[in-house]
Each structure stands twice: as structure tokens, then as C-alpha cells.
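1. predicted model follows, preceded by the sequence.
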Amino acid sequence: MKEKSRLHLNKLSTVISEVSHSTVKKKLYDLKQLITESENITAKIAQIITKLRHVKATTVFTAIAANKSFLEEAFKKSGDVTFNEFATFSGVKVLIVYIDGLVNKDTLGRDVIDSFIMKSKELQANTHLDSKILKNLIAAASVTETKTMSVVIDDILNGYAAMFVDKVDTALLIESKGWAKRAVAEPDTESVIRGPREGFIEDIRTNTSLLRRKIKNPGLIFENFIIGKQTKTDIAIAYIDGIVNQAVLGEVRRRLNKIDTDSILETGYIEQFIEDSPFSSLATVANTQKPDIVAGKILEGRVAIFCDGTPHALTVPHLFIETLQTSEDYYMRPLIASVWRLLRILALLISILIPSLYVALQTYHQEMIPTILLLRMAGSISDIPFPAGAEMFIMIIFYELLRESGIRLPRAVGSAISIVGALIVGEGAVNAGLVSAPVVIVMAFAGVAGFVVPALSEVVMIYRLLFLIAGTVMGLYGIVCGIFIVVIHAVSLRSFGVPYTSSLAPSDQGIFKDFILRFPLWAMRKRPAAIEKDNQQRRG
Amino acid sequence: MVIRKRMFAITLILVLALLLTGCWNRRELSTIGIIGLIGVDTDDNGIKTTLEVINPEKSSTGGGGKNEIPFKYVQSSGKTLSEAFRSTTLRFDREPFLSHAKEFLFSEEIARNGLAEHLDVILRNHELRLSMHLVIVKDASAADVMSIGSGINIIPSSYLEDLLKQHKIHSTSVDSKVLDFLKTYNDKGINPVVTVLKKVKKAKIGAGKSAEYELSPEGAAVFSKDRLVGFLDGQETRGYNWVIGKVVSGIVVSPTPDSNGTTSVEILEAGSQNEVEINGNDIKIKVKINVIGMLDEETTKIKLTDPAVIEMLEQANSQVIKQEVEHTLLKVQTEYKSDIFGFGQLVHRKYPPEWKNMQDNWNELFSQATIEVETQTKIIDTGKSSLPAKE
Amino acid sequence: MIENLEKISLRQVIFLLVMSHLAIVLLSFSSSNQDIWISEIFALFYIAILSAPLLFLSKQFANLTLVEYIPILTGKWVGKILGVLYVAFFLFNATVDLSLFDNILRPINFPETPDYAIILLAVTSCAYAVYKGVECIARTAEIFAPQILAVIILYTALQVNDMDLKVFLPILADSTFSEINSLAFTTAARLNEIIVLAMLVPTINKKENINMIFMWTIILTTVFSLIIIVSTLAVLGIELPKKTFDPYYLFIKQVNIYDFITRMEYFMVGAWNVGMFMKISLWLYLATMGLVQVLGLKRRKVLIIPMAIVIFMTALKTDIIKSVVVFYILEYYVPNINLIFIFGIPAIVLVMFFLKKTMKMKSDCNR
């Protein structure tokens, strides 16, 4: 029976005529929609459940004193929680609770207390106060009311001021955030020649506003999460409805909701929790500090993740071709941008492979080097005590130490260290015959080339070392094996479901338009096919 | 699961450790001696090889200050070439590294006894390359010739290589590589031609140290199969180059007609078209040579602005070339009886069934064939000036 | 059951098959005289004939691999035995390719390195590739194949000056029709990539185009083989390649442009290296997948290490590692074995397919 059905599988429709391709397709589509919707609902339920677990369901007391003692107990008499009691002329007692340093006391004084007192004068005596009337008495822009103490506590910690009125069992929460913020400035590590110089700062609301200013589209949606049991950090994901890849969005929500940890201090924490391959040295999540880069990525269908307290924003999915792109590529003209792209690819390959190639050629394959070059090399290494592999290894370690110390040291000592490094290695060691000049040159070349692609700096460092070991042991055969293994590894990665090496393999037209060269903007009609399967048209 | 992962990790580490214990084929640059020239002579024992080892100079201390010669010679002998190469390590402190050797010199004696047996090592050994220049040394031993380096370049192998490469400029020598030799040796329709090198005494000009001898690659060595049968001198070699179409540049000197001056024409382009016709037992070979040239020197007064005069010069030029070619063809046919021009290949391509019968004694048949030569010159340019300097 | 996540696209399959065949051609081709290019073109015809049964069967059973549908047509036990035979065939190919690889790589650069080092590294890399799955192997092929094909064309372009195409005259004069025939047949019998295609059919994205895949594969393979063979013979002459094991490598060594672009043979060796790795990984993958389907196991990945060890041991311990033996096998045994597995068994299975169909139609008519 089974054999019969298998043999006739493709002739089913001739037997049963109602079954047609389009109905099956439609049903499949409906099923898919159902699945995505149920996933969304599950995510939301999960969020609600986590919230509920942390909440003590206490309600606001009617007596101010009770509220005050409850809050003092909750905050354990912490020094910066301020309780301000006052009474209006008609004898209504009001308690305002806020955290000093988080609120803008001018707003509080002028818009809240002042207006309350002034406007309550107009009230008739003995009006029954309730939340609606109270709201009218305050001239602040955002006032919410609540009856639950845990909400009050959370909001006080977020910079709201809570106002309790005697005999009313609703608390009013007035937004009056005003803490110290860094000014929006150019980020140190991502400087450009042409392009905007704004960078994100540590306040999430400013960051989202910077993004809003780039994309004035009602479809730009920010979804808020609160992650971290102790820190309760604000996380926001941003995407454009209608362009975003729905599967990726669902996956992001699912993974964020699964994070169960004490603290989220930086987007790096989130990255390590949600990324696909934690043990690979190739990152599948991108981070950036510039709003125009985030805007560009969202417009191609990606999702951005912001975290309060850090200027670095994440974007998912992250493909290999993005590591070689910078925002300036798109602001410059196509010809020069293409040249820079090619140079970057070349720099990446040089930086990883040149130390090991040098060692392999010198030790195993001397016939590959032109004769004159070989003679020069032989002359300059003639009395070096180390074999070539060990020499290069020492140089790599030295170079990495130099680089790392250059990041950490205070600015005052910086120039001294660089002089020491240059003099010691450049002149002293070569003259003393400890290292040979070609090795120093090769290492310097590789090091300089490694800075051209900063997004891959960890990749470059690790692979350079591994390839060096492979080259020392087995020469060019070891290097080719290493390349094969690295490529297989890179090709097997997925970033939120999208293959990591997307435009290279499986290949699409993006490989020439946006990876190796950069076609003019008017020729890039479609969004990247890997991320955008459905809405590919950019224009029209 | 954890245990499995741990075992996997341990196996991996062991595997890697195994690889790290030995790098078997490792050659540090400080343990190899880079060979520039290989010279082979006969010996009582078999053959004697002389290797020129280049001493790499330290660039930081500057070269040349100390009169240290940057190369040394090593000699060793054995029954075959590979045995001789190995036994150099008995006497020298570095292992010979042959991949950068540029030339392979054989003495005349070895060439007369058959060269192909010594070339097998080049095909089989992974270090030697087929693109090395193959040179036969005339009237001297290879070891003698190897020590001469009297050009701008001090190292003899580079001096010799640059010298050989200039064959394109004068076209009176050939530049043969081992690959060319093997290609023509295997083919029954053509025989090899190899560069020949002679030691020439040099006149001492000016004070100061200068070399006593210099090397001259003029001429060529003619082989039949793989045995040396004779030599061609400079003009004859150029005749050979005319026939096979390998003349790239050169000067043809012809007497100016109707006067006693000479015309020198510089060759810009030269090509040949050869044809074979077989009628029964008669083999007729037609050689046609076309030359495009430029007037380089004219010693007597003639009216160079007249096209008829130019035509006359062209004819004189063609005549000289024809004589060169005919002389060479005759000599090779009668004295050496070896088809070095590749006419056998033409027969193969045009008359394949007849070739099957002829291929085994083609050299005999070639020596009895009739050859017709036709040359044509075109002088397209008279240089920078029009009328001659002499009045 | 095939893992449903792994799907590879048309282009990837074509590149994969082309590269794994070129990897062998790049290496050694037997040449008798100057008409070898004619027999190459002629071999197209034979390839089409030899592969017809498998192509037809694959189109019929588009969702099953070879090892899965043989038991359907020939009965359970016979099918299992045939399946095991096919798995042994894949392993045999992997071993032969591995020792071929070692035999060519070692004399070039590492004459004193013991075989086990080279083979160990190769088997480890290929086992890692098989562990990641056929999707990764196919994507790697897609990344590397254009560059390798470009390198082949580049080498040919660099040597255009030294080529002497008159070497190929006189055409068809020196060999008889039967000689060309037999050479074409042997060349066609060496192309065993059709089995790879038959086993990979379920994992391809769009299944209607199997014929197109196959056509593109053999056209690309033939074109590039012709480029390789013609350029080698033009530069080295007809007789010299017969004396060496790796004529194309010799050809590459002659590249010398102004003494500057010279000694660059390692591009080709690296390319060939990657091609052979892909070929061996592919065979290993098919062997594991075949065994999983024959025995009905659940997880594929446990089989990788035992099979890798089997190949490793076989390649080292038996005489296969000697270069003379390997080339002898390649010349004489491989075409015949290929014929059995590519043509013989599928032809029988095809006949049984038709028999069953007619029997069933008869029984349907009788109802």
C-alpha cells in the first residue's frame, strides 16, 4: 500500500479534483500566520507572568502616614529618597516622594507643587477629591494614576515623582525626569570623515529620539522590555513595521523574554544571551553607536535593540558582508566606495594570513619566493637565534601587548609608551640581532591592516594566531586546511535564522552590488534578499 | 554528554599534539645553500658536478666593502646526477637547494654521449624545474666556465642568465630550456638545438682588476636525437633562426649595390612560412622568409629618397639573408644530417599516412631533400635622417 | 529521514559537482596522442547514455535518495544488501581519492613527511565538514568554485604566448575510431558524480530541474577539462605529459612573465587541495547518510568518526598508498567499478521499475 501511494504521489490531483495548488498554498499561509500570532501571544504572556511574579500586590493606602511608612520601609531609609509633605490652604495634606538626583526639581516645584497649591485654591471647600480632579490641578505633561504600591515603587525608581493626597487611595505619578546626561557627541571609536557625527548616549529615551529623527515613519515601532531581576533595565527593540523580517522579529522577542538573569548592564550582556553561536569567534550580532547606521540597518529589515545605560545598540541579524561595510561607503560616491571595499577585503586577508604565509614560505616553500628576495631574506636572518615560527610568534605576542596597553593607558603616558615600543622593537632588537627586520615589517603590515576592519578585530587576532601555528607546522598545506575549516565554520553559522555568509553563499545579486563593489545607489533597487524575502522593492 | 564532549576534546588535543611534535620537512633558511648554477663534467668515476652556492649578503652592513665574494663552489662526484647532488653534503656545510638554479651546464663530452639520461632527474626530482636554461660548454670543462663572471653582475649565474636572454637582440644565438629540449627530443619530426657557451679571452683595458675571460654564447649546438653532432657559428645560427621564425631583432649588413659601401638594416619583424611537398620519393621543402626592417646605417652616398633605391636595398638585404639561410640549410643537411628545423612535423601534419613510413629514417630523407629558399624584405623606415651623412 | 533543514540550491549543486570532478582532472589525465580533445567531446555522448538510468529514476522518486528507493523496487533484503554495497562503494571512492591526494601532494612539497600526517589533517578537516552537513559543504563550494575556475582560466591566459596549437594537427589522422571510442568510454566512466546527484536529490530546493543540473554539470566539466588538457598539451608537447603523473602541475610551473610573475603554482595546488577536500567530504557524507538509511538509524553524526577512522586505516595500511598502485587502480579498476554502480545496478532497478508499473497497470485494468 505504501509503495503504491509513493509511486503515485504526483498524480493525486488528477484523482481528487478539488485539491488544487492554490488552496493548499492558502491554507499553508493561514497556518503560518496562526503560528506567528500564537508565538506573539506566548511572548506577551511570558512577559506578563514574569512581571507578576515580582510584584507584591499592595495597594495605595488612604492615609498619607501609612503610605510614607510603607515607602520608607520599602526603600529602607535610603538617603536619596526624599519625602516632602505639605498642605494646601484648604488643609489638604499632600505627600510627594521622589529620588533626589533623578527628578528635575524645577519642574517639580513649578509645575506640580506650585500649580497644585494655586489651583486648589479655586476648588470649593469640601469637594470630594478624587483622581480626576487631582489630575486637573497639576500642570505637568504626563500624569498617570495607580492604586498599586509596586508600580509606585518602580516609577519612583524611574524618575517619577509620586504624589499622595490624604484620603485618596490613588497615587499620582508625575513624570519629571531630569538626571545628568552626557551631551550628544561623536563617538570615539567610530569616527568618520563624511557623515553625521551624532552618537548615542547612555539615556535610552534620547537614543530612541535620535533614531526617530532619522526615520519619520509611523511604522517605526519601539517595543519596551524590562530585563534583569535586580537592575530592571529598560530595553527597547526598534523595527519598521512592513519592512522587518517577521521571523527574525518573533525570534528576537522570544529570546529576550527567555533571558533570566540578575543584571543587564550593557548590550554586551544581551548579546551574549541571545546570540546563536557563543563559542564561535565570528559575531552574529552587530553593535554600533551611531544612529544613522542603525537607521540604515532597520531600513533593510533588521531589528535594533537599545539598552538603557549604554550608548551601544545592537542590530540583528548580522551578516558577514556587513563587517566590511561602513556607513561612509554609502555617503561617498560609488567608484571610491568600491575601491575602499576591495581594499578592505584585501586588508582583512593580509592581516590574517601574512604572518603565517611568511613563516610557511620561508620554512617550507623556499622555491616559491623569487630568487633575489630569497637572497635578501637569507641575508637578513642569517644570525638570528630563533627559528622563523618562534620569532613570528614572539612578535605577535609583543604586538598584541602593545595594542592592549595602548587602549588602557592614561593619555599622559601614551606617547612615551609608543616611543618605547618603536625604539625597542624597531631599532634595538633588530640591531642586536634578536629579531630580523623582515619579521618586524611583516608584523607591522599585518597590524596596520588589522585596524582597517575594526568590527572583526577579535576574529583577526584569534585567526592570525591559529594560522600561524598551522603554517609553522605544515606549511602552506596547513594554511589551506585552516582556510577550509574556517570557511566551513563561517558558512555553518546562522544569525537568527539567516545564514551568516548570506550574499556569498547562497549567493544573490548582492554580492556585486553591495559586497565586493558598491553599485550606485540608484542601481540598488532591491533590499538584501537574505533578510527581506517578501518586501524586496526599495523604490516604487 | 559531558563525558563525550570531554573525550572529544582530549582526542582533538592529542591529534594536535601529534602534529606539533615534528615538522618533518622543515628547512630553515640558515641551513640551505642556494644554488645558482649546476655544471656537469665527466670524471673517472662517472660524472662530476660543480655547484655554485650563493652566499646571501647581509644588507645592513652593506655589500662589497670587504672584498668577500658572494659565492662559493662545491664539487662532488658520483655515478649519476642524484648521487652527485647528495654527496655534496659530505663536503659542504649546507644542503644544496636546487629550486633556484638557473642554468644547467653540460660539457661537450657528456653531450656527445647522450644527454637524455641525465635529464631524467629534472623530471623526477621535485626541486628542479624544467625552465632552467640548458647550455653545452665547448672546448672547456663546465667547472672552468662557471667561475667566469665578468659583467656588471658579480654572481656568475645571474650574469650568464642575463647574457643568454639577450639572444633576442642579436639573434645569433639560441636560448634553450630543458623543456624545449625534451619537447623536441621526443618528437620524431624535429631535433634539439641547444645554447653553446665558449670561453673567450678578454683584452685588458684600463688599470685595475678585470676578468681575464668572458663568456660568449654565440652559435648553437646541433643534436641528433640526444647526441651532440656539431656546432653552428653565429651567422649560421641566425640562418637557423630565420627558418624557424624566431628572429626578433638584429642587424643585417649588406653591400650597397653599385658602390662600395654597406647598408645596415635593423630587423623589426621577421617571419617564415615553410611548406613541404612530397611527390613519390621526392621531398621538396619550400622556405619563405618575410622581413620588415628599418634602415640603421648607410655608409655611401645614394639617393635614399627615391623609392627605386629603397627597393634596390631591399633586394640586397634579401639576398644576404637568402645566402645565410641556404648556407645553414646545406651545412645541416650534409654535415650533420639532422632535421632541426621541424620539417618532419610539417610532413606529419600534411601527409599523415606517409609520415608513418617515413618517421623512422626521416633524418636520412631530410638530408636528401631539395630545399628552396625565398626571401622578401620590406624597408619601411630610414631612421631619423633621409640622406646619408657621407657626401 | 532526511533532515529537513538542509536545502541546497541549484547553483550550489552544480558548483559542487563540477569542482569535485575537476579536482581529479586537474591532476592526471591519460593522453595518448593529439586527438584527446576529440575523445573528451565524444565522451559527452557516453556520459549521457551511462547516466540515463539514474537520472530517470531520480526524477521518479524526487524525495528519496538512491539508497532509499532501491528497497522499494527490489524488495527489502536485496535492497539492503545493495545499499550496503553502495556505501562500500562510497567509502572505496573516498579512500582512493584520499591516497591519490596524498600521493600527489607529498612529492611536490613534503617528501619526507610521513603519510599519516597529511592524511590525518585531511581526514580531520573533511570529518569536520561532514559534521556540519551538506549545506555547509555546498555553500563552501559556492564560495570557492568561481575563484578556482577563474584561476584555471588565468593560468591558461598567462601562458597563451607559449602555446603552440599546431601540436594538435593533423586532426584524426593518427588514431582510429575504435581508439577514440574506447578512450571516450573510459573518460565517461570516470565521471561518477551522477551518483552524488542521485543521493543528493531530496536536499535540492527545486526538484524539477535535475536534468538541467546534470546538463550544466557535464557541460562545465567538459569545457574546463578541455581548457586544462588543451593548454597543457600545447605547452608541454604531446609526449612529455605521458611521462609524468601530474601534467597540469608541470604546465603551471612554466608560467614566467617577465621573470616577475613566476613560481606561483601554489594557487593551483591550494585550489586543488580544496577541491579534493570537498570531494572526500562529499563521499564521506554520502557514506554516512547511506548507512543511516540502510540501517534505519536516527542520528547521522555518530557515524562520522567510525567511518573516518575506517578510511584512515584503509588508506594507510593497505598498499593503496603507494603511488604506482593508486594510479593503476585509477586507470583500470575505477572505470569498471563505476560502470557497475552507475549503470549496471540502476539499469536493473529501472527494468524492475517498469515491470512493476506494467504489472500494476495490468492489475488496475483487471479491476
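-> Perfect, thanks for sending it. Residues are numbered from 1 along each chain as shown, chains lettered A, B, ... in the order given.
2. residue A:225 looks like it's in a strand, true?
-> Yes: with the criterion set as DSSP: H, G, I helix; E, B strand; the rest coil, the secondary structure at residue A:225 is a strand.
3. average pLDDT for the longest helix seen in chain A?
-> Using DSSP state H to define each element, chain A has its longest helix at helix A:457-491. Across helix A:457-491, the average pLDDT comes to 89.
4. just for chain A, where's the confidence low?
-> Segments of chain A classed as low confidence (criterion: pLDDT under 70) are A:1-19, A:53-57, A:124-128, A:505, A:507-513, A:532-540.
5. could you pull up phi and psi at the most centrally placed residue in it?
-> For chain A, residue A:314 is the residue whose C-alpha lies nearest the centre (Cα atoms, centre = their mean; 1.3 Å). Here the main-chain torsion angles of residue A:314 (degrees, to the nearest 10) amount to phi -100, psi 150.
6. so how far is residue A:200 from it?
-> Residue A:314 is 11 Å from residue A:200, where distance means Cβ to Cβ, to the nearest Å. Quick note: C-beta positions are derived from backbone N, CA and C, even for glycine.
7. repeat for residue A:65
-> 44 Å.
8. of the two, which one has the most company?
-> Of the pair residue A:65 and residue A:200, residue A:200 is the one with more neighbours under other Cβ atoms under 10 Å in any protein chain shown, namely 24 against 13.
9. in the stretch 201-350 of chain B, what residue is nearest chain C?
-> residue B:349 (4.2 Å; Cβ to the nearest Cβ).
10. right, and that residue touches residue C:171 too?
-> No: counting by Cβ atoms under 8 Å, residue B:349 does not reach residue C:171; the two are 9.4 Å apart.
11. rewinding a little: is chain B within reach of the longest helix of chain A?
-> Yes: using Cβ under 8 Å from any Cβ of the partner chain, we find that helix A:457-491 touches chain B at A:469, A:472-475.
12. of residue B:349 and residue C:171, which one has the most company?
-> Taking neighbours as other Cβ under 10 Å, residue B:349 and residue C:171 compare with residue B:349 leading, 18 against 13.
13. kindly indicate which of the residues of helix A:457-491 next to chain B lies nearest residue C:9.
-> Using Cβ to Cβ, residue A:474 is the member of those that sits closest to residue C:9, with 33.7 Å.
14. surely that closest one and residue C:124 touch.
-> No: because the distance of 11.8 Å does not satisfy Cβ under 8 Å, residue A:474 is recorded as not touching residue C:124.
15. neighbour count winner among these two?
-> The residue with more neighbours, out of residue A:474 and residue C:124 and counting by other Cβ under 10 Å, is residue A:474; that gives 26 against 18.
16. and the closest residue to the more buried one other than its chain neighbours, how many residues sit next to it?
-> Here the nearest residue to residue A:474 in space, its sequence neighbours aside, is residue C:121; by Cβ to Cβ, 6 or more residues apart in numbering or on different chains that works out to 6.6 Å. The number of residues packed around residue C:121, counting by other Cβ under 10 Å, is 22.
17. and residue C:121, what element?
-> Using DSSP states H and E, residue C:121 sits within helix C:115-132.
18. again, but for residue B:271
-> Assessed by DSSP H and E, residue B:271 sits inside strand B:262-279.
19. what's the first helix or strand after that strand?
-> Of the helices and strands lying after strand B:262-279 in sequence (DSSP H and E), the nearest is strand B:282-298.
20. between that following strand and strand B:262-279, how many degrees?
-> Here strand B:282-298 points in a direction 170 degrees away from that of strand B:262-279 (axes from the mean of the first three to the mean of the last three Cα atoms, to 10 degrees).
21. partner strands of strand B:282-298, with direction?
-> Partner strands and pairing direction for strand B:282-298 (DSSP bridges) are strand B:262-279 (antiparallel), strand B:370-381 (parallel).
22. so how far is that strand off the chain centroid?
-> Centroid separation for strand B:282-298 versus its chain: 23 Å, with Cα atoms, centre = their mean, to the nearest Å.
23. got the CA positions of it in PDB?
-> Taking Å, rounded to 0.1, in the frame of the first residue of the first chain, the C-alpha atoms of strand B:282-298 are listed here in PDB:
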ATOM      1  CA  ASP B 282      60.900  13.300 -53.900                       C
ATOM      2  CA  ILE B 283      60.800  15.600 -51.000                       C
ATOM      3  CA  LYS B 284      60.700  19.300 -51.700                       C
ATOM      4  CA  ILE B 285      60.800  21.900 -49.000                       C
ATOM      5  CA  LYS B 286      60.000  25.500 -49.500                       C
ATOM      6  CA  VAL B 287      61.100  28.100 -47.100                       C
ATOM      7  CA  LYS B 288      59.700  31.600 -47.400                       C
ATOM      8  CA  ILE B 289      61.000  34.300 -45.200                       C
ATOM      9  CA  ASN B 290      59.400  37.800 -44.800                       C
ATOM     10  CA  VAL B 291      61.300  40.600 -43.100                       C
ATOM     11  CA  ILE B 292      60.300  44.000 -42.200                       C
ATOM     12  CA  GLY B 293      63.200  46.300 -41.500                       C
ATOM     13  CA  MET B 294      64.400  49.800 -40.800                       C
ATOM     14  CA  LEU B 295      67.500  51.400 -42.200                       C
ATOM     15  CA  ASP B 296      70.000  51.800 -39.500                       C
ATOM     16  CA  GLU B 297      73.200  52.900 -41.200                       C
ATOM     17  CA  GLU B 298      74.200  53.800 -44.700                       C
END
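24. buried set for it?
-> Within strand B:282-298, the residues that qualify as buried by neighbour count (16 or more other Cβ atoms under 10 Å in any protein chain shown) are B:283, B:285, B:287, B:289-293, B:295-296, B:298.
25. following element in sequence after it, please.
-> Moving toward the C-terminus from strand B:282-298, the first helix or strand encountered (DSSP H and E) is helix B:307-331.
26. for the helix or strand containing residue B:76, name the packing helices and strands.
-> Secondary structure from DSSP H and E places residue B:76 in strand B:71-78. Here strand B:71-78 touches strand B:47-54, helix B:81-87, helix B:142-146, going by 3 or more Cβ pairs under 8 Å, 6 or more residues apart in numbering or on different chains; DSSP states H and E.
27. render the CA-only coordinates of it in CSV, please.
-> Below are the C-alpha coordinates for strand B:71-78, written out as CSV (Å, rounded to 0.1, in the frame of the first residue of the first chain):
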residue,chain,number,x,y,z
PHE,B,71,79.5,32.8,-4.0
LYS,B,72,81.4,29.6,-3.5
TYR,B,73,81.9,26.4,-5.5
VAL,B,74,81.4,22.9,-4.4
GLN,B,75,82.4,19.9,-6.4
SER,B,76,81.4,16.3,-5.9
SER,B,77,81.2,13.2,-8.0
GLY,B,78,79.1,10.1,-8.3
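28. partner strands of it, parallel or antiparallel?
-> Strand B:71-78 sits in its sheet next to strand B:47-54 (antiparallel), going by DSSP bridges.
29. check what contacts the partner strand and list those residues.
-> A:375, B:33-42, B:70-81, B:84-85, B:88, B:92, B:94, B:96, B:110, B:118, B:142-143, B:146, B:155-157 (Cβ atoms under 8 Å, 6 or more residues apart in numbering or on different chains).
30. wait, residue C:144 touches residue C:19, no?
-> Yes: look at residue C:144 against residue C:19 with Cβ under 8 Å: they come within range, at 7.2 Å.
31. the stretch 251-400 of chain A: helices as residue ranges?
-> A:267-274, A:291-298, A:320-323, A:328-331, A:334-363, A:371-380, A:388-408 (DSSP state H, counting those that start in this stretch).
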